[in-house]
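[1] Sharing a model prediction with you, sequence too.
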Amino acid sequence: MVTDKNILEMTARNLLNERGVSVDDIAELVHFLQAPYVENLDLKTCAENVDNVLKKREVQNAIVTGIQLDILAEKEALLEPLQEIVTSDEGLYGIDEIMALSIVNVYGSIGFTNYGYIDKVKPGILKKLNDKNSGHVHTFLDDIVGAIAAAAASRLAHAKEGIES
């Protein structure tokens, strides 16, 4: 059991950075989602909301688990047929989305809408993570990043409405 709560958070944040995803990248996604609804929304506010989402243990667990599975797939260390399914990000394999929904669920039902939209249009860092020619497997990471952005956007929406989150 992880006894120091900061170890899990630091590990999750380091893994995101090692895989090429920064808080600012995710903040840009939050801005994309919320700018039409929040007047004068700046990236600093978006990044603050991302940071708060990253403090949630459920989120940290999903990050560490998902990225580990992506890394194992890159090393061809998964059993078949899972190896091929994860490497190719097979369309009917929904476990990556299910893991992402555990993040989205932290901030309520609005997160589902945000996540579905951003997963469909894949702006910013999501487009880069979905590039199958990059040499990296991001089957879980792209959904996790989209979910973090959706959760942070939901947190922002709750704050706009005066709801504690």
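    Arrived safely. The structure displayed is predicted, hence computed values, not measured ones.
[2] contacts and neighbour counts: CA atoms only from here.
    OK.
[3] Centroid-nearest residue for the protein?
    Val145 (2.1 Å; CA atoms, centre = their mean).
[4] I figured that one was touching Asp24, is that so?
    No - contact criterion CA atoms under 8 Å: Val145 and Asp24 do not qualify, at 11.6 Å.
[5] Number of residues surrounding Val121?
    When neighbours are counted by other CA atoms under 10 Å, Val121 registers 10.
[6] Return the residues in contact with Lys55.
    Glu9 (CA atoms under 8 Å, 6 or more residues apart in numbering).
[7] Ala147 sits in which helix or strand?
    helix 141-160 (DSSP states H and E).
[8] what about the chain, any weak spots by pLDDT?
    When residues are selected by pLDDT under 70, those of the chain lie in 1-5, 160-165.
[9] ok, 80 please
    Scanning the chain for pLDDT under 80 picks out 1-5, 159-165.
[10] what ranges do the helices span in it?
    For the chain, the helices defined by DSSP state H cover 5-18, 23-34, 43-54, 57-74, 82-88, 95-104, 110-121, 125-129, 141-160.
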